[in-house]
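# Predicted model and sequence below, questions to follow.
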Amino acid sequence: MSKFEGVIVSDQWLHSQFTQVELRSLKSKFVSLKNQNGKVTHGDLPPLMVKLKEFRDTYNEDEIRVILGESDANVTDDIDFEAFLRAYLNLQNQAIVKQGGRRHSSSFLKDSITTLLHTISDSEQACYVAHINSYLGDDPFLSQFLPLDPATNDLFDLAKDGVLLCKLINVAVPGTIDERAINAKQNLSLWQKNDNHNLCLNSAKAIGCTVVNIGAQDLLEGRPHLVLGLISQIIKIQLLADLNLKKTPQLVELVDDSQDIEEFLSMSPEKVLLKWMNFHLRRGGYQKTVKNFSSDVKDGEAYAYLLNVLAPDHSSPATLDTKDAYERANLVLDHAERMGCKRYLSARDITEGSSNLNLAFVAQLFHHRSGLSTDTKKMSFATMITDDVQTSREERCFRLWINSLGISTYVYNVFEDVRNGWILLEVLDKIFPGSVNWKHATKPPIRMPFRKVENCNQVVKVGKQLRFSLVNVAGNDIVQGNKKLILALLWQLMRFTMLQLLKNLRLHSQGKEISDGDILKWANRKVKSAGRTSHIESFKDKSLSNGLFFLELLSAVEPRVVNWNLVTKGEKDDEKRLNATYIISVARKLGCSIFLLPDDIMEVNQKMILTLTASIMYWSLQQQSEDTDSFPSPASTATTTTPEASPAPSVCGEDESGSSNICVDDATSDTTVSSSEALLLGDDL
């Protein structure tokens, strides 16, 4: 299994400022510099720092030299790794000040887990502990440890073995993790805990969490700010899961006419929740519009009006009559309790404008009593709409993959969100740094339609430079939202990233491009080398549906990862589903970040089968790379990185990519496409 020793920093405060993914990346850069010069001095730092993504757009080399010189005038002195880290933090702090302070997003889904959020909110911790106690109190394994006391470190101690986090993910999105794959027992070994955290992090990605720059070692250490940040995302995904037309067709009542449907479909769950809240506030006679879950609800008036509409039978005139905001907040919470909503936040959390807790409170109100119409005619209209625009499994896969890259924009609906071209440009710049001319790009919100076309034209231009098949495709096709063209383009982006990552790790390739056929041959050889007889002819081989080939492949790359007592013969559909579900969890437990569903294996979805095989191959090659390098690069160490996503972006931001003259060899591809996609994929297949 993947190594998880971590980089040791003797200064505990300094150690706490970085995740293990960041420390490994910086250690790799430091050692590389030391290997070149024999030693590292302060004078060596500016040329290195200016290349790092976090600084290259903020400073030039001379400016960095001046800043670092202020802290140590003698540039010829040798420095050790810890001095290098302090210099990095000094420069980072200066960069944040120069940029006007780090911007904080109001949407939890857009917040990456970073090391800069070190303040632990007692209120949030208490809220999340109460949620865990409520939803996992009856769990057969965790019940012996619950309820947790929010006033202690019980939460962080219990999270160290990974079981709690895995089970919490299954509460948020049931069925994400096959619980047979969780190592659930007392006194787990380090390997078993590491397995659980790999499973947790890769499954968190698969439900939409942002886990950039965090690895299994960070969770093993039980770092409070990282654990709480991850738990926050998981819980809020659960709370906002039903805020879409597919899950709650009654939401169609919030849309005035059919022309607003397109805008509604592209809304984030948080904005849908605000729209729902304001819909009822207007009905109740509230004159203001609530635009956020912090300052706009601090006085408690909006809550008082909302609850009077949702549960008038439990209302009290005193709630609106009182002039004291704190007293009103207490009355609001009393009202909510009378209608059956558990109290997860305090009156002070309302008056202080805690956005996370207020969002959770409103989401809880929505789940308990939405107050929306049950008009069957409207609901059937909503069902018809969602059937037409419903995201396919491929869209889901590409959406999760894009969000795993750590770009600044979070994708909620691929078909709607990519139409202005900005997200596609962010993806291109992430997987192929420097390919985008940002001076010729327009950032949303974009009011002028031709600016969207310009963005999408640049997407097509860069795609052609990467040798993508973009036959008769123009930027306007993306703007118009041609779903099949968008899916085909995203498939090429994902496949390009996947093959380049494999090429960079496959030491014996000698510059040769990796093809689908190479992945197929590798998988068959690996299974055969383990003494198994399974063999597949292509990624559309129907024998793959029973899952046995993948289980043998996983066992071949890591013998102890598969528990064969849990494997079925795969003869009936229910047996195939059990195997497919187990395969996905075992692969994630191994360290693969994958976004397919059990149905993709059962139905032998060729594209998804290819990504799964390539992900396992990538993990296997990572182990070989680690064995030959005592200080491996981030791409070969981060246990949560995979072929589907670029390596967890290092703190240095130097993503490794191939040359600008990339030719993706499709000659031996087993992946077929529909005729509509052939416009993009051309004649190579």
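Structure received.

# Alpha carbons of stretch 351-359, as CSV, please.
Extracted C-alpha coordinates of stretch 351-359, given in CSV (Å, rounded to 0.1, in the frame of the first residue of the first chain):
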residue,chain,number,x,y,z
THR,A,351,-26.7,37.1,16.3
GLU,A,352,-23.0,36.6,15.4
GLY,A,353,-23.9,35.6,11.9
SER,A,354,-22.2,32.2,11.7
SER,A,355,-22.9,31.5,8.0
ASN,A,356,-22.2,27.7,8.2
LEU,A,357,-24.5,27.2,11.2
ASN,A,358,-27.3,29.5,9.8
LEU,A,359,-27.2,27.7,6.5
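
# can you list contacts of that stretch?
106, 108, 121, 123-124, 127, 232, 236, 239, 270, 273, 292-295, 297-300, 325-326, 329, 344-345, 349-350 (Cβ atoms under 8 Å, 6 or more residues apart in numbering). Backbone N, C-alpha and C define where each C-beta goes, glycine included.

# can you list the weak-confidence ranges in the stretch 351-500 of the chain?
375-391 (pLDDT under 70).

# Any idea how many residues pack against the residue nearest to residue 529 when sequence neighbours are not counted?
Excluding the flanking residues, the one nearest residue 529 by Cβ to Cβ, 6 or more residues apart in numbering is residue 556, at 6.6 Å. By other Cβ atoms under 10 Å, the residues close to residue 556 number 22.

# just residue 283 next, same as before
Neighbours around residue 283, by other Cβ under 10 Å: 14.

# now it: how far from residue 321?
21 Å (Cβ to Cβ, to the nearest Å).

# With residue 515 instead?
73 Å.

# So the residue positioned nearest the centre of the chain, which state does it fall into?
Central residue check for the chain by Cα atoms, centre = their mean: the C-alpha nearest the mean position is that of residue 210, 3.3 Å away. Put simply, residue 210 is coil when judged by DSSP: H, G, I helix; E, B strand; the rest coil.

# can I assume it is in contact with residue 405?
No: counting by Cβ atoms under 8 Å, residue 210 sits too far from residue 405 to count as a contact (9.9 Å).

# How many neighbouring residues does the residue lying closest to residue 296 once chain neighbours are set aside have?
Taking Cβ to Cβ, 6+ apart, and ignoring the residues beside it in sequence, residue 296 has residue 290 as its nearest neighbour in space, at 4.5 Å. Counted by other Cβ under 10 Å, the residues lying close to residue 290 total 20.

# Could you measure from residue 290 over to residue 273?
In terms of Cβ to Cβ, residue 290 sits 10 Å off from residue 273.

# if I pick the nearest residue to residue 48 once chain neighbours are set aside, what's in contact with it?
Of all residues not flanking residue 48 in the chain, residue 33 sits nearest, at 5.8 Å (Cβ to Cβ, 6+ apart). The contact partners of residue 33, taken as Cβ under 8 Å, 6+ apart, are 40, 44, 48.

# List buried residues within these.
Buried members of these, scored by 16 or more other Cβ atoms under 10 Å, are 40, 44, 48.

# could those residues be laid out in TSV, adding pLDDT?
Shown next, in TSV, are the buried ones among the contacts of residue 33 (pLDDT from 0 to 100):
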residue	pLDDT
40	82
44	82
48	83
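
# can you redo those as TSV with distance to residue 496 and secondary structure?
Shown next, in TSV, are these (distance: Cβ to Cβ, whole Å; DSSP: H, G, I helix; E, B strand; the rest coil):
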residue	distance to residue 496	secondary structure
40	35	coil
44	35	helix
48	29	helix
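
# from these, which is closest to residue 244?
Proximity of these to residue 244 (Cβ to Cβ) peaks at residue 48, which lies at 45.8 Å.

# isn't that closest one right next to residue 29, touching?
Yes: at 6.4 Å, residue 48 counts as touching residue 29 under the criterion of Cβ under 8 Å.

# Skipping its backbone neighbours, what lies nearest residue 227 in space?
residue 159 (4.9 Å).

# Correction: the previous question concerned residue 325.
residue 299 (4.7 Å).

# Could you report the neighbour count for residue 449?
Neighbours around residue 449, by other Cβ under 10 Å: 11.

# how much space is there between the closest residue to it other than its chain neighbours and residue 582?
Take residue 449 and drop its neighbours on the chain: the residue closest to it by Cβ to Cβ, 6+ apart is residue 479, 7.3 Å away. According to Cβ to Cβ, residue 479 and residue 582 sit 42 Å apart.

# These two: which has the busier surroundings?
Taking other Cβ under 10 Å, residue 479 and residue 582 do not tie; residue 582 has more neighbours (23 against 20).

# Now do the same contact list for the residue nearest to residue 529.
Neighbours of residue 556 in contact, by Cβ under 8 Å, 6+ apart: 526, 527, 529, 530, 532.

# Show me the shaky parts of the chain.
1-6, 12, 35-37, 70-76, 97-120, 257-259, 375-391, 506-511, 625-685.

# Residue 331 contacts residue 316, correct?
Yes: in this structure residue 331 lies within contact range of residue 316 using Cβ under 8 Å: 6.3 Å.

# Which residue of these two possesses the greater neighbour count?
residue 331 (23 against 16).

# List the contacts of the residue lying closest to that one once chain neighbours are set aside.
Using Cβ to Cβ, 6+ apart and skipping residues adjacent in sequence, the residue nearest residue 331 is residue 319, 4.3 Å away. Taking Cβ under 8 Å, 6+ apart, we find residue 319 in contact with 300, 304, 307, 308, 328, 331, 332, 335.

# which of those has the most neighbours?
residue 307 (27 neighbours).

# Which strand or helix spans residue 444?
In this structure, residue 444 sits in neither a helix nor a strand according to DSSP states H and E.

# That one: how many residues sit nearby?
14.

# I'd say it and residue 422 touch.
Yes: between residue 444 and residue 422 there is a contact under Cβ under 8 Å: 5.4 Å.

# Run the chain-centre distance for stretch 429-443.
21 Å (Cα atoms, centre = their mean, to the nearest Å).

# Would you indicate which residues of the one helix or strand residue 13 maps to are buried?
According to DSSP H and E, residue 13 maps onto helix 12-16. Within helix 12-16, the residues scored as buried using 16+ other Cβ under 10 Å are 14, 15.

# same deal with stretch 144-158?
Result for stretch 144-158 [16+ other Cβ under 10 Å]: buried residues 146, 148, 150, 155, 156, 158.

# Find the pair from those residues with maximum spatial separation.
Among the buried residues of stretch 144-158, 146 and 156 lie farthest apart (Cβ to Cβ), at 14.6 Å.

# No more questions from me, cheers.
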